[in-house]
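> Generate coordinates for the sequence data below:
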Amino acid sequence: GGTQQQIAEQQMQFVKITQGVEGVYNAWNPASRDCRFQYYFYNLVDPKQVGMYGRPLNATNDALWEKAVRENPDPSCLVPALALGF
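Okay, the predicted model is just below:
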C-alpha cells in the first residue's frame with residue numbers, strides 16, 4: 001500500500017533531480033552537444049581556399065551549424081568557426 005507508493009514517489013523525485021543535474025552539467029560542458037556556450041564566428045580566408053574548409057569536428061549541434069552556414073554574410077571568403085566554452 002502506502003509504503004510502496006512512497007518508495008515510487010521517492011524514486012520519481014530522484015530521477016527528476018538526476019535529470020536536472022545532468023541538464024545543468026551538459027549545459028556547461030563544452031564536450032556536450034547541449035552546451036549553451038557555443039557561438040559561431042566567421043574566419044576570413046582566401047576565396048580560393050574556402051572549399052578546403054568544412055564542418056569542424058566539434059560542431060556536433062546540427063541546428064547551430066546549419067544556422068551558421070545559412071547566415072554566413074559572405075560565403076565566398078568567410079568560413080564558420082565554432083567557439084566552445086566560456
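
> can you give me the strands in this structure?
Using DSSP state E, the strands of the chain run over 38-44, 78-84.

> Need those in CSV (columns: mean pLDDT, distance to Pro56 and mean neighbour count).
Backbone N, C-alpha and C define where each C-beta goes, glycine included. Below are the strands of the chain laid out as CSV (pLDDT from 0 to 100; distance: least, CB to CB, whole Å; neighbours: other CB atoms under 10 Å):
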stretch, mean pLDDT, distance to Pro56, mean neighbour count
strand 38-44, 94, 10, 13
strand 78-84, 94, 5, 17
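
> got CSV for those strands, with distance to Val50 too?
Converted to CSV, those look like this (distance: least, CB to CB, whole Å):
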stretch, distance to Val50
strand 38-44, 10
strand 78-84, 6
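
> Out of those, flag the one nearest Asn29.
strand 78-84 (9.7 Å; CB to CB).

> Out of the strands of the chain, flag the one nearest Ala27.
Using CB to CB, these put strand 38-44 closest to Ala27, at 10.6 Å.
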